[in-house]
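Q: Here's my sequence, what's the structure:
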Amino acid sequence: MKTTLFLVAFTALTLSVSAQKMKIESGNLSFLKDQTEINVEFDFSNATFYNEKMSEQDYINKRLKEIGDDKGKAEADKWLEDWNSSKEDSFTEKFITSFNNYGKIQVSEDDSAPYTLIVETVWIYPGWFAGVMKQPAKITTNLKFVETANRNNVLAVISSKNAPGDGYFIGVANNNDRISEGYAKTGKSLAGLVKKRAK
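A: Predicted coordinates:
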């Protein structure tokens, strides 16, 4: 009986994820009706972390200290290199690939398209992984569509809250890889919303 209760509790814990909420805050997506491609840009400048909503620099300092105290300065420096690389490459690539796989309109980092999607990162919870137990990452973003030639012309703003980043049953040990999955989930959900509303 105790074993069964443990398995039920364990399953509930590992599968529990705050549901992602995606909402059109202003405008509509009808301007995308006949489009085949959108430019995309990523803005991390105002990102906050954890429930304390610490700045990116505070988050970096926290991780460097944690890793340095546990594994030494070389590993901490390696993490920082991975963080900067992930922010520039894997976070953006995961979003773009996922959006393009699930949507009719394609996004790319090419400003020749008439409309631009700006993915503004608002909040990141990195989650954690401890072998048999885990907590998925969560990503909150503002997804802002603007006219490429006139960025002040904002056509639509969509909020995406708590997009989960996880390896599902297996889990993901690396914080940055979990966060990447949150961007993939955001791209997938946005592609579905655009497909439904761009009519």
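Q: can you pull the buried residues of the top strand by length along the chain?
A: Scanning the chain for the strand with the most residues, using DSSP state E, yields strand 150-165. Within strand 150-165, the residues scored as buried using 16 or more other Cβ atoms under 10 Å are 155-165. Using the backbone N, CA and C atoms, a C-beta is placed for each residue, glycine as well.
Q: From those, pick the one nearest Ala19.
A: Closest approach between the buried residues of strand 150-165 and Ala19, by Cβ to Cβ: Asn162, at 7.0 Å.
Q: Just confirm the closest one contacts Ala19, I think it does.
A: Yes: at 7.0 Å, Asn162 counts as touching Ala19 under the criterion of Cβ atoms under 8 Å.
Q: Can you show me the helices along this structure?
A: Per DSSP state H, the chain carries helices over the ranges 2-15, 56-71, 73-85, 91-102, 175-197.
Q: Could you say which of those is packed most deeply?
A: Mean neighbour count, computed with mean count of other Cβ atoms under 10 Å, is highest for helix 175-197 among these, reaching a mean of 22.
Q: average model confidence for that helix?
A: Across helix 175-197, the average pLDDT comes to 96.
Q: can you give me the angle it makes with helix 73-85?
A: 10 degrees (axes from the mean of the first three to the mean of the last three Cα atoms, to 10 degrees).
Q: helices or strands next to helix 175-197 in the packing?
A: strand 21-27, helix 91-102, strand 115-125, strand 137-147, strand 150-165 (3 or more Cβ pairs under 8 Å, 6 or more residues apart in numbering; DSSP states H and E).
Q: and Asn176, which of those is closest to it?
A: helix 91-102 (8.1 Å).
Q: which residues touch the closest one?
A: By Cβ atoms under 8 Å, 6 or more residues apart in numbering, the surrounding residues in contact with helix 91-102 are 40, 42, 106-109, 119, 179-181, 183-188, 190-192, 195.
Q: that older thread, go through the helices of the chain and find the least confident stretch.
A: Among the helices of the chain, helix 2-15 scores lowest, at a mean of 39.
Q: Tabulate the helices and strands packed on helix 175-197 (a markdown table), appending distance to Glu66.
A: As requested, those are arranged in a markdown table below (distance: least, Cβ to Cβ, whole Å):
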| stretch | distance to Glu66 |
| --- | --- |
| strand 21-27 | 30 |
| helix 91-102 | 21 |
| strand 115-125 | 16 |
| strand 137-147 | 16 |
| strand 150-165 | 19 |
